[in-house]
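S.K.: Got a predicted structure plus its sequence, pasted below:
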Amino acid sequence: MAGFLTRWLRPGPTMTAEEAELEPGKLPRHVAIIMDGNGRWAGKRGLPRVAGHRAGVEALRDIVRACVDWGIAILTVYAFSTENWKRPQEEIEALMNLLVEYVRRELPELKEKGVQVRAIGRLEALPLAAREELARARRETAGNSRLILNVALNYGGRAELVDACRRVTGEVLAGKLRPEDIDEDVIKGALYTGDLPDPDLLIRPSGEMRLSNFLLWQLAYTELWFADIYWPDFRRENLRQALLAYQQRERRFGGLKI
Ligand code: IPE
Ligand code: IPE
Ligand code: MG
């Protein structure tokens with residue numbers, strides 16, 4: 001009974017954040033996460049960086065399950081940026097192999113849970129095996145609608161805007177669109193995330209407080225949440241803390257408090 005009574009209450013002076021419960025009606029629809037800190041997590045343990053990436057996959061599994069359990073509609077995760085090609089070849093290869101392994105191993109559970117897998121970024125530059133696994137995951141989960149898991153790979157916010165400009169320009173040159181008809185909706189529709197609402201909440205663990213070229217257009221009015229924890233240690237309790245913080249925010253979108 002006590003559990004039932006406290007269920008809908010917000011954290012207040014008599015309630016610690018650990019005891020507070022999520023309010024289902026006030027959850028973000030779209031959560032974005034910069035999965036950062038894998039290398040430092042490994043370094044702290046005297047392990048190679050790739051061990052951190054491997055451990056990061058465990059965190060992703062836990063967070064996907066939590067999003068399904070809590071009814072989050074969309075989860076967009078930053079897995080590899082357009083700038084990450086600057087890293088040693090060995091690390092890049094390990095990351096691409098992990099991606100293939102992740103899809104192969106997780107796909108049955110993702111399908112069973114009703115997760116729709118998508119990928120955004122310049123996917124054509126990824127190794128063939130990675131592209132094939134992503135295409136398979138996309139195909140086999142296309143009909144699912146419980147959670148959209150959107151994985152950003154070879155993704156850059158600036159590259160996305162360049163690609164959007166190219167698409168829109170193509171339409172103009174083909175005579176399908178007049179320059180004066182280009183508005184924010186047209187640009188939004190030309191982004192990789194064209195059919196998705198903007199993220200409501202962005203989470204970046206690892207202590208860094210920057211966007212690192214993630215979803216530059218889409219994050220215009222997103223609530224930001226940073227944490228001093230490395231991604232491989234991130235679990236549903238950390239997500240819950242972020243969601244509780246989000247529920248305390250007042251989103252005004254430039255307007256006034258209602
Ligand atoms: C995030 O962890 C994973 C990728 C960028 C691919 P990092 O590898 O950036 O880990 P840190 O930031 O060096 O600790
Ligand atoms: C952002 O992390 C990219 C991903 C998590 C995939 P980085 O580690 O690449 O970002 P910077 O270099 O610290 O800004
Ligand atoms: Mg990093």
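M.R.: Thanks, I have it. Please read these numbers as outputs of a predicted model, since none were measured by experiment. Residues are numbered from 1 along each chain as shown. Ligands and ions are numbered 1, 2, ... in the order given.

S.K.: Find me the pLDDT at the residue in the stretch 151-258 of the chain that ligand 1 sits nearest to, would you?
M.R.: Here the residue of the stretch 151-258 of the chain nearest ligand 1 is S206; by CB to the nearest ligand atom that distance is 5.5 Å. C-beta: built from backbone N, CA, C; applies to glycine. S206 is assigned 98 on the pLDDT scale.

S.K.: Grab the nearest non-local neighbour of it.
M.R.: Nearest non-adjacent residue to S206, counting by CB to CB, 6 or more residues apart in numbering: G37, 3.0 Å away.

S.K.: State the distance from the one you found to ligand 2.
M.R.: 8 Å (CB to the nearest ligand atom, to the nearest Å).

S.K.: can you pull the contacts of that residue?
M.R.: 52, 205-208, 229-232 (CB atoms under 8 Å, 6 or more residues apart in numbering).

S.K.: so what's the residue of the stretch 151-258 of the chain closest to ligand 1 up against?
M.R.: 34, 36-37, 40, 228-231.

S.K.: hmm, 7 Å instead?
M.R.: Counting by CB atoms under 7 Å, 6 or more residues apart in numbering, S206 makes contact with 36-37, 40, 230-231.

S.K.: Turn those into JSON lines, including pLDDT and secondary structure.
M.R.: JSON lines is the format used below for those (pLDDT from 0 to 100; DSSP: H, G, I helix; E, B strand; the rest coil):
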{"residue": "D36", "pLDDT": "98", "secondary structure": "coil"}
{"residue": "G37", "pLDDT": "98", "secondary structure": "coil"}
{"residue": "R40", "pLDDT": "98", "secondary structure": "helix"}
{"residue": "Y230", "pLDDT": "98", "secondary structure": "coil"}
{"residue": "W231", "pLDDT": "98", "secondary structure": "helix"}
